[in-house]
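Novice: need a structure here:
(2 chains)
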Amino acid sequence: MTLTEMQGYAFFFLTVLLVVILYGYILHLYRSEKKGEMDYEKYGKMALDDELHNRPVELNPKVKNEEKEN
Amino acid sequence: MQSNAALEYDYSVAKLYMWTTVIFGIVGMTIGVLIASQLAFPELNYLFGEYGTFSRLRPMHTNVVIYGFTVSGIMVSFYYSAQRVLKVSLAELPLINLLAKIGFFAYLIAATFMVISLAMGITASKEYAQMEWPLDIAIVIYWVIWGVVMFGLIGARREKSLYISLWYYIACFLGVAMLYLFNNMEVPTYFLSGGLGAWYHSVSMYAGTNDALVQWWWGHNAVAFVFTVPIIAIIYYFLPKESGQAVYSYKLSLLSFWGLMFVYLWAGGHHLLWSTVPDWMQTMGSVFSVVLILPSWGSAINMLLTMKGEWNQLTENPLIKFMVLASTFYMLSTLEGPIQAVKSVNAIAHFTDWIPGHVHDGVLGWVAFMIFAAVMHASTRVFKREIYSKSLLEAQFWIQTTGVVLYFTSMWIAGITQGMMWRAVDEYGNLMYSFIDTVSVLHPYYTIRAIGGLLYLIGMLMFAYNFFMTATAGRKLEQEPQFRSPMA
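Specialist: The predicted structure follows:
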């Protein structure tokens, strides 16, 4: 096999791999939402309810523990 | 970390950067208009002796608008919005706050020396990396300080997840850190030659084609990680906040983020099409540039769809106008770039005025419009005052939009004319035109470009006045506005 042929195969498989990764990620995003594991859209609220006194979308567990200790 | 009900966000650092945004904006754009006029009317080269020549002023223009105006604008948005989306105030973290202030003054000193050294003609002779090694070291220190502040804030956050804007700021930090270090690897000649030449001079550590490759790996990624990534960070926060509409699809924002991160780093090779770099590398640069349309349009469409059902705001709120037009210009620019990166198109476009035309519809229409909108939105909260004049903001919008349109349309025509004339041959294969033929043909377009630039500068001055009056004389607000920025 010549170097050019090898480059050709490498290019083809790399392209396939990248397409699989891209669609895999989209699938992962939608599946985890459908299964109820994640709700990505709620994070959009972070920009809207951004006052210090607003309730965080998800409270940082580190802060939660500190507040409990106090 | 304190838990204090009366605690407020600390905007002192954002405020400092607001002033440098305005000052560097005026300086950088004034120089821009002057050099655009010099191209149309060469006598203007002799206004200030050696300090006023095109060759001295052009790097000053690019460096001041990139590292002065744009970086300041990015820092305004970061020091304003990062606290808010993380729900932690800089006032709670005295050490980080102090570091952020030290960072600002380090920035100011480095930027001042950058301007002085470029005015004196001291340059490393690499585009967008003209600063000599002592300044490079200062920039690295400044960047590390910013990183410490960013990760310090993230470490103390109340919000568990990082909002998408923060992802983009982190990418900006990491991308620039990596690329800046590699591209500015320099050999200080004075110290290695045993005292020859000036102490601040250096030569690149790379030679020939390698130097070109590393240079454009940086050069194009400066566009990526200074003009794109942090500006997307700005729009993902400020457009939803100003309009009161959550981002249309958070999932699309994540997908676009990873797409952009993966693809952008490979696109720099398109600056070296038809040059002495390996052919496969040129092809790779072309291919990745075309693929880049997808993640870029992903973000831009996401922003336009965020306005779904609320398009009336476009007519009512000038800040929304700025941001919607900015995302539209982002789409235009990220379609135009890939077209120019196609090898056959590039054969005409390379080295012509179409390239600065492309750059300017991106930076004037997208980058600067987003910075204007972000600074104005933030100023109502930072100064607790109403925006001084809505009509001034509206006028600025239309004057600058006209300026951008004049700029890029004249450069499209000039660039394509130039490209076609350079390659035109007669029936015997002889070149039909000499270089000076193209220069005389282009004169009207250069004049139109200078007028476009002047309109944009007038808009910048209107913005500066409006900002100054907002900060000092705007009507006091009793309560912080939740979404739409109040304006008189």
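Novice: against chain A, how distant is the spatially closest residue to residue B:443 that is not a sequence neighbour?
Specialist: Using CB to CB, 6 or more residues apart in numbering or on different chains and skipping the chain neighbours, the partner closest in space to residue B:443 is residue B:40 (6.3 Å). Bear in mind the C-beta positions are built from the backbone N, C-alpha and C, glycine included. Residue B:40 sits 44 Å away from chain A, taking CB to the nearest CB, to the nearest Å as the criterion.
Novice: kindly report the same for residue B:108.
Specialist: Applying CB to the nearest CB, the value for residue B:108 to chain A is 28 Å.
Novice: for residue B:122, same thing?
Specialist: 43 Å.
Novice: so who does residue B:278 touch?
Specialist: Contact partners of residue B:278, counting by CB atoms under 8 Å, 6 or more residues apart in numbering or on different chains, are absent.
Novice: neighbours of the residue nearest to residue B:443, just the number please.
Specialist: 17 (other CB atoms under 10 Å in any protein chain shown).
Novice: cool, and residue B:293?
Specialist: Using other CB under 10 Å, residue B:293 has 16 neighbouring residues.
Novice: backbone phi and psi for it, please?
Specialist: Taking degrees, to the nearest 10, you get phi -60, psi -40 for the backbone angles of residue B:293.
Novice: so it touches residue B:332, yeah?
Specialist: No: Residue B:293 lies out of contact with residue B:332 (CB atoms under 8 Å); the separation is 11.5 Å.
Novice: shaky segments in the chain?
Specialist: Since you didn't name a chain, this refers to chain A. A:64, A:67-68, A:70 (pLDDT under 70).
Novice: to clarify, I was referring to chain B.
Specialist: Judged against pLDDT under 70, the low-scoring parts of chain B cover residues B:1-5.
Novice: so what's residue B:385 up against?
Specialist: B:379, B:470-471, B:474-477.
Novice: if we use 10 Å, what do you get?
Specialist: B:379, B:469-477, B:486, B:488 (CB atoms under 10 Å, 6 or more residues apart in numbering or on different chains).
Novice: how about residue A:2?
Specialist: Contacts of residue A:2 by CB under 10 Å, 6+ apart are residue A:8.
Novice: centroid residue for the chain?
Specialist: With no chain named, the answer covers chain A. Geometric centre of chain A, nearest residue: residue A:29, 6.9 Å, by CA atoms, centre = their mean.
Novice: could you do chain B instead?
Specialist: Central residue of chain B (CA atoms, centre = their mean): residue B:227, at 3.7 Å.
Novice: now the phi/psi pair for that one, please.
Specialist: phi -90, psi -10.
Novice: against residue B:231, how distant is the nearest residue in space to it that is not next to it in sequence?
Specialist: Closest residue to residue B:227 apart from its sequence neighbours, by CB to CB, 6+ apart: residue B:367 at 5.2 Å. From residue B:367 over to residue B:231 the distance is 5 Å, taken as CB to CB, to the nearest Å.
Novice: give me the number of residues near residue B:242?
Specialist: 23.
Novice: from chain A, which residue is nearest to chain B?
Specialist: residue A:44 (3.4 Å; CB to the nearest CB).
Novice: and the closest residue to that residue other than its chain neighbours, helix, strand or coil?
Specialist: In space, residue A:44 comes closest to residue B:246 once its chain neighbours are excluded; the distance is 3.4 Å by CB to CB, 6+ apart. Three-state call for residue B:246 (DSSP: H, G, I helix; E, B strand; the rest coil): coil.
Novice: hmm, residue B:246 is touching residue B:240, no?
Specialist: Yes: between residue B:246 and residue B:240 there is a contact under CB atoms under 10 Å: 5.7 Å.
Novice: so how do I select the buried members of the contacts of residue B:385 in ChimeraX?
Specialist: Of these, the buried ones go into a single ChimeraX selection, burial set by 16 or more other CB atoms under 10 Å in any protein chain shown:
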select /B:379,469,470,471,474
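Novice: got the contacts of residue B:385 as JSON lines, with secondary structure and distance to chain A columns?
Specialist: Shown next, in JSON lines, are the contacts of residue B:385 (DSSP: H, G, I helix; E, B strand; the rest coil; distance: CB to the nearest CB, whole Å):
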{"residue": "B:379", "secondary structure": "helix", "distance to chain A": "17"}
{"residue": "B:469", "secondary structure": "helix", "distance to chain A": "27"}
{"residue": "B:470", "secondary structure": "helix", "distance to chain A": "21"}
{"residue": "B:471", "secondary structure": "helix", "distance to chain A": "22"}
{"residue": "B:472", "secondary structure": "helix", "distance to chain A": "26"}
{"residue": "B:473", "secondary structure": "helix", "distance to chain A": "26"}
{"residue": "B:474", "secondary structure": "coil", "distance to chain A": "21"}
{"residue": "B:475", "secondary structure": "coil", "distance to chain A": "22"}
{"residue": "B:476", "secondary structure": "strand", "distance to chain A": "19"}
{"residue": "B:477", "secondary structure": "coil", "distance to chain A": "15"}
{"residue": "B:486", "secondary structure": "coil", "distance to chain A": "17"}
{"residue": "B:488", "secondary structure": "coil", "distance to chain A": "24"}
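Novice: mind telling me the two of the contacts of residue B:385 farthest from one another?
Specialist: Using CB to CB, the contacts of residue B:385 span at most 16.6 Å, a distance reached by B:472 and B:486.
Novice: and the top helix by length along chain A with chain B, contact?
Specialist: In terms of residue count, the longest helix belonging to chain A (DSSP state H) is helix A:3-34. Yes: using CB under 10 Å from any CB of the partner chain, helix A:3-34 reaches chain B at A:7, A:11, A:15, A:18, A:21-22, A:25-26, A:29-30, A:32-33.
Novice: how many residues are close by residue B:315?
Specialist: Using other CB under 10 Å, residue B:315 has 9 neighbouring residues.
Novice: I figured it hits residue B:321, correct?
Specialist: Yes: between residue B:315 and residue B:321 there is a contact under CB under 10 Å: 8.2 Å.
Novice: let me see the contact set for residue B:179.
Specialist: Counting by CB under 10 Å, 6+ apart, the residues that residue B:179 touches are B:129, B:214, B:217-222, B:224-226, B:265, B:268.
Novice: between those residues, which sits nearest chain A?
Specialist: Out of the contacts of residue B:179, the member with the shortest distance to chain A (by CB to the nearest CB) is residue B:265, at 13.8 Å.
Novice: next up, the contacts around the closest one.
Specialist: Residue B:265 sits in contact with B:175, B:178-179, B:217, B:220-221, B:224-225, B:288, where contact means CB under 10 Å, 6+ apart.
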